[in-house]
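Peer 1: okay, sequence plus prediction incoming.
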Amino acid sequence: MWNSPDRHPIPPETRSAFHPITPEDKIAIAGLRTLVEPNKGKMQGIAAREIFDAIISHVVAPEDVTFRPGTVGGIAGWWCQPSDARPGQALLHLHGGWYNWGTAQAYRHFAGHIAKRAGAQAFVPDYRLAPEHPFPAAVLDARACYRGLIDSGLRSIALVGDSAGGGLALGLLSFVSRSASETRPVAAVALSAVTDLTLSGASWEDRAVADPYFTRSQAAELVYAYMAGHDPMDPLASPLHGDLAGLPPLLIHVGDDEVLLEDSRRYVARAIAAGVDAKLEVWEGMPHGFTSDVGRLSAATKALDTIGAFLSERLTAET
């Protein structure tokens, strides 16, 4: 097992938590590494879309949640409807895939687990993907979908996003919070978020061996396809570089063994410095996307339980 050179990096004053890995999860992660590390960095371009969807589609469907296709704000996607969902509340879940991969259908079960724990319906939009539709297509689609939820009469909405979707959610959060004409989300949750498309975080170096999935050169190609010559410092693409003052409460989860660790660390540090109620939760030994292994990893189940409780509290407080 990879031994981090910075295993307990989070001072208590940052309102953050570090979760030690359990012996059972350590065994499970070792098996996962054996399977995935031979293909590290090899997923590239649109050819990887089918493989990516197959991986995320393996998430077991949650009980007592129904799924149906739909359209919100002109954007097609999938609804996740828990049987006990509270009326007037919703999650907008923006899926991952480095802005090049991923579909709402493939992500619906994962989003359904969060929706069930939050006690609210969730919509997962099929925002447009690069390279066919580079920046800012995904941003515009996320914005249209959010406005569509507001226009439908929903009173309390939280944003959720994983990986690239986490970056998309945080970028949307900043935009909406700056706009006097927009209804603000009540909260946001980001999982292993991509917050800095300049790829300048230290974890691209000090977690390069630990991360079983991504390499910097691989990510650079995917970012190039998405940005298509646009400045990656644009806050709508890299929310780390935006104005974070005035944002609603934030909760960010990330694995300690992923190259995107610093994207989460730096974002939360900047948010707290700007006066935001933000919390970072880091999970020892966990790779990118570990929360999708719900039912197999105790860390995934515990993280999703924490996320669900946070979202439920915020959604209920605002209705």
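Peer 2: Yes, it's here. Residues are numbered from 1 along each chain as shown.
Peer 1: which stretches of the stretch 151-300 of the chain form strands?
Peer 2: Along the stretch 151-300 of the chain, the segments classed as strands by DSSP state E, counting those that start in this stretch run 156-162, 187-191, 250-255, 278-283.
Peer 1: which one of these lies nearest to residue 313?
Peer 2: Closest to residue 313 of these is strand 187-191 (CB to CB; 8.5 Å). (C-beta placed from N, C-alpha, C; glycine too.)
Peer 1: CA atoms of the closest one as PDB?
Peer 2: Taking C-alpha atoms only, strand 187-191 is exported to PDB below (Å, rounded to 0.1, in the frame of the first residue of the first chain):
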ATOM      1  CA  ALA A 187     -25.600  24.100  -0.200                       C
ATOM      2  CA  ALA A 188     -23.100  22.300  -2.400                       C
ATOM      3  CA  VAL A 189     -21.300  18.900  -2.200                       C
ATOM      4  CA  ALA A 190     -18.300  18.100  -4.300                       C
ATOM      5  CA  LEU A 191     -16.600  14.700  -4.500                       C
END
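Peer 1: most packed of the strands of the stretch 151-300 of the chain?
Peer 2: Among the strands of the stretch 151-300 of the chain, strand 187-191 has the highest mean neighbour count (mean count of other CB atoms under 10 Å), at a mean of 28.
Peer 1: helices or strands next to that strand in the packing?
Peer 2: strand 156-162, helix 164-178, strand 250-255, helix 298-317 (3 or more CB pairs under 8 Å, 6 or more residues apart in numbering; DSSP states H and E).
Peer 1: adding mean pLDDT, write the ones you listed out as TSV.
Peer 2: Shown next, in TSV, are these (pLDDT from 0 to 100):
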stretch	mean pLDDT
strand 156-162	98
helix 164-178	95
strand 250-255	98
helix 298-317	97
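Peer 1: can you lay out those as a markdown table showing distance to residue 92?
Peer 2: Formatted as a markdown table, the helices and strands packed on strand 187-191 follow (distance: least, CB to CB, whole Å):
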| stretch | distance to residue 92 |
| --- | --- |
| strand 156-162 | 5 |
| helix 164-178 | 8 |
| strand 250-255 | 15 |
| helix 298-317 | 11 |
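Peer 1: may I have stretch 226-233 as CSV, with CA atoms only?
Peer 2: Extracted in CSV, the C-alpha atoms of stretch 226-233 (Å, rounded to 0.1, in the frame of the first residue of the first chain):
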residue,chain,number,x,y,z
TYR,A,226,-12.4,20.7,-23.2
MET,A,227,-10.9,24.2,-23.1
ALA,A,228,-10.1,24.4,-26.8
GLY,A,229,-7.7,27.3,-26.4
HIS,A,230,-9.7,29.1,-23.7
ASP,A,231,-7.9,30.3,-20.6
PRO,A,232,-8.0,27.5,-18.0
MET,A,233,-7.8,30.2,-15.2
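Peer 1: other residues contacting it?
Peer 2: Stretch 226-233 is contacted by residues 98-100, 130-131, 134-136, 138, 197-198, 223, 237-238, 241 when judged by CB atoms under 8 Å, 6 or more residues apart in numbering.
Peer 1: now the end-to-end length of stretch 252-263.
Peer 2: 10 Å (CA to CA, to the nearest Å).
Peer 1: what's the answer for stretch 208-217, then?
Peer 2: Across stretch 208-217, first to last residue, CA to CA, it's 11 Å.
Peer 1: what does it contact?
Peer 2: In contact with stretch 208-217 (CB under 8 Å, 6+ apart) are residues 2, 4, 32-33, 36-37, 40-41, 199, 204, 256-260, 287-289.
Peer 1: return the members of the residues you listed classed as buried.
Peer 2: 4, 32-33, 199, 204, 256-260, 287-289 (16 or more other CB atoms under 10 Å).
Peer 1: now those as TSV including distance to residue 142 and pLDDT?
Peer 2: Output for the buried ones among the contacts of stretch 208-217, formatted as TSV (distance: CB to CB, whole Å; pLDDT from 0 to 100):
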residue	distance to residue 142	pLDDT
4	33	37
32	30	96
33	33	97
199	22	98
204	25	98
256	28	98
257	29	98
258	23	98
259	24	98
260	19	98
287	26	98
288	21	97
289	20	96
